[in-house]
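Trainee: One predicted model, sequence on top.
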Amino acid sequence: MSRELLLAQTFGFRSVDAVPMWLRGSVLGAVNLFRTQPGSMTDADLAAARALADVATIAILQHRAMLQAQLVNEELSHALNNRIIIEQAKGVLAEHTGIEVDVAFARLRNHARNHNLRLVEVAQATVDGTLDAADLDLPRTS
């Protein structure tokens, strides 16, 4: 006899049933029902167990959807914050050097590419003054 079975019997369980949690023909998991009486579940118990499994499936799917929405919101917020920093850097660079904003962006972008840095890192360094405008790479000419 397995250790798990002995442990279950120690706690008074005499039977167990597993009800699958379905989603479009695929099993996501199962609701396990431990009972103190041996034997099969009645039809009424089985219907209640099926309803419980359906509610558990819905709860799991709702939780997954909430986590996914939260992740998307965090990614969008991060992207927006990065965009704000880049726009600030373009303005700072244009103001300090007297160049057009599109040329400022090209310098930021080229410096990031040439030094294997993320654009937002270069922008942040430009905004906080740790990267001087004179140190930025000039834009490529075609």
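Mentor: Ah, there it is.

Trainee: Now do the contacts for L28.
Mentor: M21, W22, T57, I60 (Cβ atoms under 8 Å, 6 or more residues apart in numbering). (Glycine included, C-beta is placed from N, CA and C.)

Trainee: contacting residues for the second one?
Mentor: In other words, W22. By Cβ under 8 Å, 6+ apart, the neighbours of W22 are L28, A53, T57.

Trainee: Ok, the third one next?
Mentor: Contacts here follow Cβ under 8 Å, 6+ apart; on that basis T57 touches M21, W22, L23, L28.

Trainee: what's the distance between it and P20?
Mentor: 9 Å (Cβ to Cβ, to the nearest Å).

Trainee: quick one, helices of the protein?
Mentor: 3-10, 43-97, 101-114, 119-128 (DSSP state H).

Trainee: Please identify the most buried of those helices.
Mentor: helix 119-128 (a mean of 20; mean count of other Cβ atoms under 10 Å).
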